[in-house]
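Novice: can't give you the sequence, but here's the structure:
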């Protein structure tokens, strides 16, 4: 497993794909116990990244919808 613990993906989709890869590796019969802790730490970091992106997107969408509502009400 390459050391990606200090770098985050550029996009949500990349993070999700990496998470899916980690999950597939953990589900496999050949899951290496020597890398289990590192994979778990990486998955936790990726989850935090994804949650942050989702929260930011939700906030941005709420602002856009509020602006849209204000525009429609004043018409």
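Specialist: Arrived safely, thanks for sending. All of these numbers come straight from a predicted model, not from anything done at the bench.

Novice: From here on, just use CA atoms for contacts and neighbour counts.
Specialist: Noted.

Novice: ok, residues contacting stretch 46-53?
Specialist: Contacts of stretch 46-53 with the rest of the structure, by C-alpha atoms under 8 Å, 6 or more residues apart in numbering, involve 8, 12, 15, 16, 19.

Novice: I'd say the third one and residue 7 touch.
Specialist: I take that to be residue 15. No: with contact defined as C-alpha atoms under 8 Å, residue 15 does not count as touching residue 7 (10.7 Å).

Novice: Give me the more crowded residue out of these two.
Specialist: residue 15 (19 against 10; other C-alpha atoms under 10 Å).

Novice: ok, and what's touching the helix or strand where the more buried one lies?
Specialist: Assessed by DSSP states H and E, residue 15 sits inside helix 12-27. Residues outside helix 12-27 that contact it (C-alpha under 8 Å, 6+ apart) are 8, 9, 31, 36, 39, 43, 46, 47, 49, 50, 53.

Novice: Identify each buried residue in the helix or strand just after that helix, please.
Specialist: Later in the chain than helix 12-27, the nearest helix or strand by DSSP H and E is helix 36-73. Neighbour counts over helix 36-73 (16 or more other C-alpha atoms under 10 Å) mark 39, 42, 43, 45, 46, 47, 49, 50 as buried.
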